[in-house]
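> attaching a predicted model along with its sequence, questions to come.
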Amino acid sequence: MTMTTTMATNETKIAFLGLGGMGTPMARRLLAAGYGLTVWNRTSARAEALVAEGAVAAASPAEAVRGADVVITMLADPAAALAVADAMIPALRAGATWIDTSTVGPDTVRELVSRLPDGVAFIDAPVMGSVDRAADGGLLILAGGETAPVDGLLAELGSVRRCGEVGTGAALKLVLISGVIGGVALLAESLRLAGALGLPEDLTRSALEASPLGGLVGRLFATEAHFPVALASKDVGLALATGVGGLPVLEAVHGVLASRPDLATSDVSSLHP
């Protein structure tokens with residue numbers, strides 16, 4: 001696999017695949033920045049709002065990426081990423097760059113790269129931040145691979161943390177998101193403990209906000225963000241699936257998340273009693 005050196009400009013043709021809660025606002029920012037944008041989503045109705053704003057809808061992943069300079073994917077899990085890859089890779093042109101912003105873990109990234117033809121560059125670029133940050137361009141992009149050709153494009157989505165070779169972005173994402181999810185779950189229990197001890201919630205919250213845990217308190221009480229419990233469970237599961245031992249706290253957190261199918265589509269803040 002060779003790397004492309006074509007710099008991304010507003011003349012760059014972008015294909016964006018995956019228009020869920022994160023993908024739609026990310027695609028919208030690129031469209032507003034003047035990029036030519038073709039979009040695809042498994043549920044085609046999700047593309048309608050972007051089409052009304054000037055995007056072109058594709059009927060399949062292959063149709064979406066045909067002729068694209070840059071392909072961006074934001075997909076739910078490894079199975080979705082691999083399925084879309086199988087559908088679109090035969091249509092990728094030599095010289096294209098594929099930026100995968102999904103959270104799928106380094107093992108899946110390596111599998112995706114192994115399927116690519118020569119002449120297609122790959123950047124694993126999972127993001128930290130929820131739909132609010134996606135909408136305002138405030139995402140933290142954890143990039144593995146050579147980002148220079150697409151720095152301008154990525155700047156529309158957020159700030160880039162260059163992590164190293166391909167796969168390192170995916171690895172760092174598991175580290176960071178596991179810490180956040182684990183911290184939020186623990187804070188939810190701390191609030192439950194405080195309630196059982198008869199402490200007013202506003203007192204407990206203000207004390208926690210003033211403590212080193214202050215940033216996580218904000219996430220637990222977030223109202224504009226949306227990070228479903230099912231996806232949080234998936235992300236922690238990916239960390240555990242790496243086979244790294246000695247992670248009993250993460251195992252417990254994963255057990256809690258997986259045991260709440262009633263909250264699957266609710267934000268992780270719903271863990272707060």
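Okay, I see it.
> where does pLDDT dip in this structure?
1-10 (pLDDT under 70).
> and residue 107, that one's in a strand?
No: assignment of residue 107 by DSSP: H, G, I helix; E, B strand; the rest coil gives helix, placing it outside any strand.
> that one: what's it in contact with?
78, 241, 242 (Cβ atoms under 8 Å, 6 or more residues apart in numbering). The way it works is simple: take the backbone N, C-alpha and C, and place the C-beta from them, glycine included.
> name the nearest residue to the second one, sequence neighbours excluded.
Just to be clear, that refers to residue 241. Sequence neighbours aside, residue 105 is the residue nearest to residue 241 in space, at 7.0 Å (criterion: Cβ to Cβ, 6 or more residues apart in numbering).
> thinking again about what came up before, sort out for me which of the contacts of residue 107 are in helices.
78, 241 (DSSP state H).
> neighbour-wise, give me the winner out of the contacts of residue 107.
residue 78 (20 neighbours; other Cβ atoms under 10 Å).
> and that residue, how far is that from residue 110?
11 Å (Cβ to Cβ, to the nearest Å).
> next one: residue 191
With Cβ to Cβ as the criterion, residue 191 and residue 110 are 40 Å apart.
> more neighbours, those two?
Taking neighbours as other Cβ under 10 Å, residue 191 and residue 110 compare with residue 191 leading, 20 against 13.
> quickly find the element holding the more buried one.
Using DSSP states H and E, residue 191 maps to helix 168-196.
> circling back: just give me the closest of the contacts of residue 107 to residue 272.
Nearest to residue 272 out of the contacts of residue 107 is residue 241 (Cβ to Cβ; 27.2 Å).
> check which residues of the helix holding residue 191 are buried.
Neighbour-count burial for helix 168-196 flags 168-174, 177-178, 180-188, 191, 194 (criterion: 16 or more other Cβ atoms under 10 Å).
> try stretch 138-151
By neighbour count with 16+ other Cβ under 10 Å, stretch 138-151 contains the buried residues 139, 140, 141, 142, 143, 144, 145, 146, 147, 149, 150.
> could you pull out the helices for this protein?
Under DSSP H, the chain gives helices at 23-32, 48-52, 61-65, 78-88, 105-114, 131-136, 151-155, 168-196, 201-209, 214-220, 229-241, 248-258.
> the fifth one vs helix 168-196, what angle?
Translated: helix 105-114. Per axes from the mean of the first three to the mean of the last three Cα atoms, to 10 degrees, the angle that helix 105-114 makes with helix 168-196 is 150 degrees.
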